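1. quick one: sequence and predicted model below, then my questions.
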Amino acid sequence: MPSSAQSARRSARAAGYVFPEHLREQARALPAQPGVYTFHGREGGLPLYIGKSVNLRTRVLDHLRTEEEAAMLRQSERISYLLMAGDLGAQLLEATMVKTHRPLYNRLLRRVPRQFSLRLYRGEVSVLHSGEVDLTSAPLLYGVYSSERSAREALRRLADDNRLCYSLLGLERLPSGRPCFRSMLGQCLGACCGRESLAEHQRRLTEALALLDVVQWPYAGPVAIEERGPDLRQFHVVDGWFYHGSTKTLAAARRLRRGPAQFDRDAYRILRKGLCGGQWALHPL
């Protein structure tokens with residue numbers, strides 16, 4: 001439960017919050033359809049916040065009622081939007097627009113210069129970044145992370161959950177002639193000191209990493225994912241876990257100008273389950 005001090009601060013914010021009347025009519029005029037919306041600043045019209053929803057009007061009105069967002073709302077002059085056929089296209093477009101425009105109040109989906117994965121090769125685990133390997137096609141890669149540190153933290157959690165040895169995973173040095181400290185606490189099954197065979201440790205490591213497996217791009221080239229909404233049909237062009245854009249016709253999708261297919265972890269997160277599960281209608285390009 002919140003403390004009395006937290007409740008007091010929340011009440012003070014609420015008491016001082018003024019509904020942003022200058023945005024009310026714009027919000028009410030938004031369509032109740034899927035899409036991506038942008039709050040533009042008063043100075044230069046730069047994007048302050050970009051979001052997505054299956055109901056633009058409802059979502060934006062929710063922003064206007066939230067006192068925690070008062071600072072962003074006071075700086076906003078207008079709201080623009082782009083309609084999409086459904087939630088898939090809205091997610092893909094939102095992620096792309098946030099990376100491109102880097103709005104001040106978006107904390108997630110920012111552009112990451114490099115992306116990292118764990119790699120298991122000849123029994124050793126290492127951290128690779130996207131400058132060293134093509135994440136769209138390289139085998140035996142596990143997880144997608146924004147930094148080397150977060151990749152190592154994920155490996156540490158994996159070791160904790162499966163009682164794997166830190167020293168054999170390269171997370172700490174093994175004391176000469178002694179078992180690792182975690183094995184003495186029962187947190188490692190003892191592959192470092194012979195209680196568990198190295199082959200068994202390797203088997204358990206491989207099984208644990210399999211849950212983080214980075215799926216290789218499953219098609220020979222780009223595909224268009226067809227999405228139908230009540231009033232709009234779109235074809236989302238993707239290749240190598242990278243979103244290139246959306247069109248209203250398949251012919252336009254084939255003509256869409258595409259840059260290099262660079263692995264994008266946000267597109268991967270959005271697309272993986274649906275593509276691997278045959279959830280959507282696909283058209284090879």
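-> Good, I have the coordinates. Residues are numbered from 1 along each chain as shown.

2. for the nearest residue to residue 147 once chain neighbours are set aside, give me its contacts.
-> Nearest residue to residue 147 in three dimensions, chain neighbours excluded: residue 116, at 6.4 Å (Cβ to Cβ, 6 or more residues apart in numbering). (Each C-beta comes from the backbone N, C-alpha and C, glycine too.) Contact partners of residue 116, counting by Cβ atoms under 8 Å, 6 or more residues apart in numbering, are 127, 128, 129, 130, 144, 145, 146, 147, 148, 150, 151.

3. can I get those residues in JSON lines including neighbour count, secondary structure and pLDDT?
-> Converted to JSON lines, these look like this (neighbours: other Cβ atoms under 10 Å; DSSP: H, G, I helix; E, B strand; the rest coil; pLDDT from 0 to 100):
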{"residue": "127", "neighbour count": "20", "secondary structure": "strand", "pLDDT": "89"}
{"residue": "128", "neighbour count": "19", "secondary structure": "strand", "pLDDT": "84"}
{"residue": "129", "neighbour count": "16", "secondary structure": "strand", "pLDDT": "81"}
{"residue": "130", "neighbour count": "20", "secondary structure": "coil", "pLDDT": "70"}
{"residue": "144", "neighbour count": "25", "secondary structure": "strand", "pLDDT": "81"}
{"residue": "145", "neighbour count": "22", "secondary structure": "strand", "pLDDT": "84"}
{"residue": "146", "neighbour count": "14", "secondary structure": "coil", "pLDDT": "79"}
{"residue": "147", "neighbour count": "14", "secondary structure": "coil", "pLDDT": "85"}
{"residue": "148", "neighbour count": "13", "secondary structure": "helix", "pLDDT": "88"}
{"residue": "150", "neighbour count": "14", "secondary structure": "helix", "pLDDT": "88"}
{"residue": "151", "neighbour count": "24", "secondary structure": "helix", "pLDDT": "89"}
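
4. measure residue 158 to residue 144 for me?
-> Relative to residue 144, residue 158 is positioned 15 Å away (Cβ to Cβ, to the nearest Å).

5. then residue 60?
-> From residue 60 to residue 144 the distance is 31 Å (Cβ to Cβ).

6. quick one: low-confidence ranges for the stretch 101-250 of the chain?
-> Counting by pLDDT under 70, the low-confidence segments of the stretch 101-250 of the chain come to 108-113, 131, 134-139, 175-177.

7. quick one: the helices in it?
-> Along the stretch 101-250 of the chain, the stretches classed as helices by DSSP state H, counting those that start in this stretch are 148-162, 181-184, 198-210, 250-255.

8. what's the offset of the first one from the middle of its chain?
-> Centroid separation between helix 148-162 and its chain, computed with Cα atoms, centre = their mean, to the nearest Å, is 18 Å.

9. stretch 205-216 now?
-> Worked out by Cα atoms, centre = their mean, stretch 205-216 lies 18 Å from the chain centre.

10. buried set for that stretch?
-> Across stretch 205-216, burial judged by 16 or more other Cβ atoms under 10 Å covers 205, 208, 209, 212, 214.

11. again, but for stretch 231-251
-> 232, 234-247.

12. coming back round to it: need the contacts of residue 116 in CSV with distance to residue 36, can you?
-> CSV is the format used below for the contacts of residue 116 (distance: Cβ to Cβ, whole Å):
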residue, distance to residue 36
127, 33
128, 33
129, 29
130, 26
144, 23
145, 26
146, 22
147, 27
148, 32
150, 27
151, 30
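
13. out of those, which is nearest to residue 66?
-> If you rank these by distance to residue 66 using Cβ to Cβ, residue 146 comes first, at 26.9 Å.
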